[in-house]
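*Asks:* what would the 3D arrangement of this be:
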Amino acid sequence: MFSMPPGTPPQKVLSAVRNFAREEFYGQHRYAMVLHTDEPHPHVHLVLKAVSEQGVRLNIKKATLRHWRSQFASHLRVQGVAANATERAVRGESRSAKKDGIYRASLAEILPHTRPSELSPRIWVPALVGSGIWHHALLETGEAYDFSSDGGPW
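*Replies:* As a prediction, the model looks like this:
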């Protein structure tokens, strides 16, 4: 997720992420993005296919995240937005660990209160996709799947 403080023009955030993704992933990894303005801070969710077009799995390390953060800030500056690539810890911010997407979906009453292993993917996958929680589940499992090729992993 690429996020900026309230007051940042949402279209500039989207443009910066679009340019970043094109520069970093075009022709290598499939990706999709969406701009959210439902909260005061504009943010863009970017989802990548973990396996490249060449069959190489994406290996994201801390240094990779720092590079991406720096590149995003650079693209924002080109858009005229003052941005620095700083980590939460440097800014004195912290966040508690998030629970997995399926658990959060059951708390939000999107899914019945049951263990994910008891549910068929035909039930929980559409619920997660429709609820906007899908990208969290992908990030937390470390797995991504390209649904455009055959309609799903089940």
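
*Asks:* tell me the domain ranges of this protein?
*Replies:* The record's domain split for the chain, according to automatic domain parsing, is 1-95, 97-149.

*Asks:* could you identify which of the ones you listed has the lowest mean pLDDT?
*Replies:* When the domains of the chain are compared on mean pLDDT, domain 97-149 scores lowest, with a mean of 54.

*Asks:* please enumerate the strands of the protein.
*Replies:* Remark: strands assigned in the chain by DSSP state E are 2-3, 31-36, 43-48.

*Asks:* can you put these in TSV and add distance to residue 10 and mean neighbour count?
*Replies:* For glycine as for every other residue, the C-beta is placed from the backbone atoms N, C-alpha and C. Below are the strands of the chain laid out as TSV (distance: least, CB to CB, whole Å; neighbours: other CB atoms under 10 Å):
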stretch	distance to residue 10	mean neighbour count
strand 2-3	11	18
strand 31-36	6	14
strand 43-48	9	19
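
*Asks:* these into CSV, with extra columns for distance to residue 74?
*Replies:* Supplementary listing: the strands of the chain in CSV, determined by distance: least, CB to CB, whole Å:
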stretch, distance to residue 74
strand 2-3, 13
strand 31-36, 18
strand 43-48, 16
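
*Asks:* out of these, nearest to residue 72?
*Replies:* Smallest distance to residue 72 across the strands of the chain (CB to CB): 5.6 Å, for strand 2-3.

*Asks:* for residue 27, what are its contacts?
*Replies:* Residue 27 makes contact with residue 53, according to CB atoms under 8 Å, 6 or more residues apart in numbering.

*Asks:* could you measure from it over to residue 54?
*Replies:* With the distance defined as CB to CB, to the nearest Å, residue 27 ends up 10 Å from residue 54.

*Asks:* same check, this time on residue 22
*Replies:* 18 Å.

*Asks:* these two: which is more packed in?
*Replies:* Using other CB atoms under 10 Å as the criterion, residue 22 and residue 54 rank with residue 22 on top: 12 against 8.

*Asks:* count residues in the vicinity of residue 29, would you?
*Replies:* Here the neighbour count serves as a burial measure; for residue 29 (other CB under 10 Å) it reads 20.

*Asks:* that one contacts residue 47, doesn't it?
*Replies:* No - contact criterion CB atoms under 8 Å: residue 29 and residue 47 do not qualify, at 10.0 Å.
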